[in-house]
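> Give me a model of this one.
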Amino acid sequence: MRAIVVPAFGGSSVLDYAEVPDPVPGPGEVLVDVAAAGVNYIDVYHREGRYPLPLPMVPGSEGAGTVSQVGPGVTDVVVGDRVGWVSVPGAYAEKAVIPAASAIPLPAGVSPEQAAAVLLQGLTAHYLTTSTYPIRPGDTVLVHAAAGGMGLLLTQLARLHGARVFGTVSSEAKERMAREAGAEEVFGYDDFAKRVRELAPEGLPVVYDGVGATTFDGSLASVRPLGMLVVYGAASGPVPPFDLQRLNQAGSVFLTRPSLGPYIATREELLRRSADVLGWTASGQLDVHVFARLPLAEAQRAHDDLEGRKTVGKLLLIP
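Numbers count the residues shown, from 1 in each chain. Below is the predicted model:
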């Protein structure tokens, strides 16, 4: 099969489109013919070695397709099932082996491309808005990078839960996208904390920050006393070490750095959250915007566009 292989950690140039042996499912695993792979920032972190995986590796933590073979002991997934998955590397390929316990059944109203575009970010938006900080009707929240694939979904789910949304973006085109997703106030990154305080002098109950280093100080300044700063990503780089006393000075602010894994640690929780996300997608309550569908061979371009903030919505790789 053809796949993207990372032989060494580094920049996007290490993404090698190569021919590799077809994978074979072992006990408890299934083989999937990949219809689409989602491109996410965690793939960049894996490529760079920030979150290192054994080398050589096939990146891609999100995909969807059709089961073509099942390994020994698999009884609840059969050949022909349409499934998606998250947090299992290997999606940048024509075929992928995943644990049967990670296979998410796709409802009739959701295509594999839609699933590959919504599952990882949709599940992240789900836990951020229902568990990390359970949004209550009437809350006002700040979403950074509100026109990115993650930001658009996070904005929509915040609105679905009854929140008023402020969003940051880097261009007029992205401002339009964020407003279409439901953001009421949209502004650039320069002096965004000042703008937040003009609109909400008391500060906000929660800020969702997937940008990291360049926005952290302003995000902290935007949170009200006893509010929460949720740093769920680091698109601009990791947040440098800082004095915890700053949380006290901000008014006993809570700070958390969550990740998806603990929120889908059991199959029951994975299926519960994914049923919500895919159900909202099938019903049209959650609009999944695909920015571009690129051939698998163009993975380097996909990473360059993602890191260069050229994307509005989701990038997919199509084998």
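> what about the helices in the stretch 201-319 of the chain?
216-222, 245-249, 267-283, 299-307 (DSSP state H, counting those that start in this stretch).
> pLDDT on the first one, on average?
Mean pLDDT, computed over helix 216-222, is 98.
> Break this protein into its domains for me.
Following automatic domain parsing, the chain resolves into domains at 2-119+278-318, 136-256.
> With mean neighbour count and distance to residue 271 as added columns, please give those domains in JSON lines.
The C-beta positions use only the backbone N, C-alpha and C, and glycine is treated the same way. Shown next, in JSON lines, are the domains of the chain (neighbours: other C-beta atoms under 10 Å; distance: least, C-beta to C-beta, whole Å):
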{"stretch": "domain 2-119+278-318", "mean neighbour count": "19", "distance to residue 271": "7"}
{"stretch": "domain 136-256", "mean neighbour count": "19", "distance to residue 271": "18"}
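> Out of these, the one nearest residue 264 is which?
Nearest to residue 264, of all the domains of the chain, is domain 2-119+278-318, at 7.3 Å by C-beta to C-beta.
> Quick one: residues contacting the spatially closest residue to residue 311 that is not a sequence neighbour.
In this structure, residue 311 finds its nearest non-sequential neighbour in residue 291, 4.7 Å apart by C-beta to C-beta, 6 or more residues apart in numbering. By C-beta atoms under 8 Å, 6 or more residues apart in numbering, residue 291 lies in contact with 149, 311-315.
> ok, now how distant is residue 291 from residue 112?
17 Å (C-beta to C-beta, to the nearest Å).
> now do residue 43
Counting by C-beta to C-beta, the gap from residue 43 to residue 112 is 18 Å.
> Over to residue 20?
22 Å.
> and if you look at residue 311?
Distance of residue 311 to residue 112, given as C-beta to C-beta: 20 Å.
> before we move on, what about residue 198?
44 Å.
> next one: residue 294
According to C-beta to C-beta, residue 294 stands 16 Å off from residue 112.
> same thing with residue 61?
Residue 61 is 16 Å from residue 112, by C-beta to C-beta.
> same deal with residue 10?
30 Å.
> Next: residue 98.
14 Å.
> for the domains of the chain, which one sits closest to residue 265?
When the domains of the chain are compared by C-beta to C-beta, domain 2-119+278-318 sits nearest residue 265, at 10.5 Å.
> how long is that closest one from one end to the other?
12 Å (C-alpha to C-alpha, to the nearest Å).
> Can you check the pLDDT for the residue positioned nearest the centre of the chain?
By C-alpha atoms, centre = their mean, the chain has its centre lying nearest to residue 121, at 3.0 Å. For residue 121, the pLDDT comes out at 95.
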